[in-house]
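sequence and predicted structure, then a few things I'm wondering about:
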Amino acid sequence: MTLAMTLLASLAIGISLGLLGGGGSILTVPILVYVAGVEVKQAIAMSLFVVGATSVAGVLPHARTGRVRWRTGLLFGGAGMAGAYAGGRLAAFIPGGVLLAAFAVMMAVTAVAMLRSRPAPTGGHVDRPLLRILAEGVTVGLVTGLVGAGGGFLVVPALVLLGGLPMPVAVGTSLLVIAMKSFAGLAGHLAGIHIDWPLTLAVTGAAVLGGLAGSGLAGRIDPERLRQAFGWFVLVMAVFVVIQEAPATMRHAVFGTPGGWAALGIAAVAATAAFLTHMRRHRPPTGRGAERPIPPEPVQ
């Protein structure tokens, strides 16, 4: 039963990667830890293989439709591989609980950045400076190797916010970057971690199937709504990880007392109101003044 639940959840890993260009490690690590019962550091190493292999499969449909910026992706990914390997080696000296806490904090910060309103990129493509791409790649790669995450949920915002790519192109390009960094990070972890290969390969197979489905859907969704969905998804997962890693006394105070449930109810109502207000403010214009959707970028 546990294996069946793990494989079913692995489909969601692939769909998230193919559709959003990220979220794979955000899902994989909690699934392996909380559903499959894998130790934290082992789960981090396994997630890097799962996400890397799924990204390789998912990048192909994006490339066929022109949603991969090869120069930016290869430069960013190459720099990220160096950072990811170093992060994988460094992770051996940091407690698992600390890694998960850092994981949740980065998720929340990234979600807020993606939910902030900003104008869509306009005009033709302009190649970003080489040193800037390399510096961003090393930084994001270090995070990826360190906590087994930061693949898509940091690469996609970096490519959109700092690289100036439209969201659909950032999604496709991120899969190339994620694959490169994930395998480099895995190499760093394998120096001190032994992983369960049968479980890893089973999860990978299910995730690849989901990734192919998600990649096919990515080009049919409005880029702004795709970015909003990504931000809210990451924020929800950050809250989940924080709750799971909170001390037992704190969890009891929140979930085991009437006051805790009342506070949760108020927070849920406030969050729903904020979400609805946000969606109304940033609803795409319709009618004569509406902007045309961004066409797929040519393959570079």
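Received it, and whenever you're ready, just let me know what you need.

what is the neighbour count of P247?
8 (other CB atoms under 10 Å). Placement of C-beta: from N, CA and C, glycine included.

then G78?
18.

what about it, which SS state?
Following DSSP: H, G, I helix; E, B strand; the rest coil, the label given to G78 is helix.

isn't it up against M180?
Yes: using CB atoms under 8 Å, G78 is in contact with M180, at 6.8 Å.

excluding chain neighbours, what is closest to G83?
G141 (2.9 Å; CB to CB, 6 or more residues apart in numbering).

is that neighbour in a helix, a strand, or coil?
Per three-state DSSP, G141 ends up helix.

residue contacts, it?
Applying CB atoms under 8 Å, 6 or more residues apart in numbering, one finds that G141 lies in contact with A79, G80, M81, A82, G83, A84, Y85, A86, G87, K181, A184, G185.

what helix or strand is the last one on?
Assigned by DSSP states H and E, G185 falls within helix 167-189.

return that helix as PDB; C-alpha atoms alone will do.
Extracted in PDB, the C-alpha atoms of helix 167-189 (Å, rounded to 0.1, in the frame of the first residue of the first chain):
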ATOM      1  CA  MET A 167       7.300  32.000 -18.400                       C
ATOM      2  CA  PRO A 168       6.700  29.300 -21.100                       C
ATOM      3  CA  VAL A 169      10.400  29.500 -22.200                       C
ATOM      4  CA  ALA A 170      11.700  29.600 -18.700                       C
ATOM      5  CA  VAL A 171       9.700  26.400 -17.900                       C
ATOM      6  CA  GLY A 172      11.300  24.600 -20.900                       C
ATOM      7  CA  THR A 173      14.800  25.900 -20.300                       C
ATOM      8  CA  SER A 174      14.700  25.100 -16.600                       C
ATOM      9  CA  LEU A 175      14.300  21.400 -17.300                       C
ATOM     10  CA  LEU A 176      17.600  21.400 -19.100                       C
ATOM     11  CA  VAL A 177      19.200  23.200 -16.200                       C
ATOM     12  CA  ILE A 178      17.600  21.000 -13.600                       C
ATOM     13  CA  ALA A 179      18.800  17.800 -15.300                       C
ATOM     14  CA  MET A 180      22.400  19.000 -15.400                       C
ATOM     15  CA  LYS A 181      22.400  20.200 -11.800                       C
ATOM     16  CA  SER A 182      20.600  17.300 -10.400                       C
ATOM     17  CA  PHE A 183      23.100  14.700 -11.600                       C
ATOM     18  CA  ALA A 184      26.000  16.800 -10.500                       C
ATOM     19  CA  GLY A 185      24.400  17.200  -7.000                       C
ATOM     20  CA  LEU A 186      23.800  13.400  -6.900                       C
ATOM     21  CA  ALA A 187      27.500  12.800  -7.600                       C
ATOM     22  CA  GLY A 188      28.300  14.900  -4.600                       C
ATOM     23  CA  HIS A 189      25.900  13.000  -2.300                       C
END
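
perfect, I'm done here.
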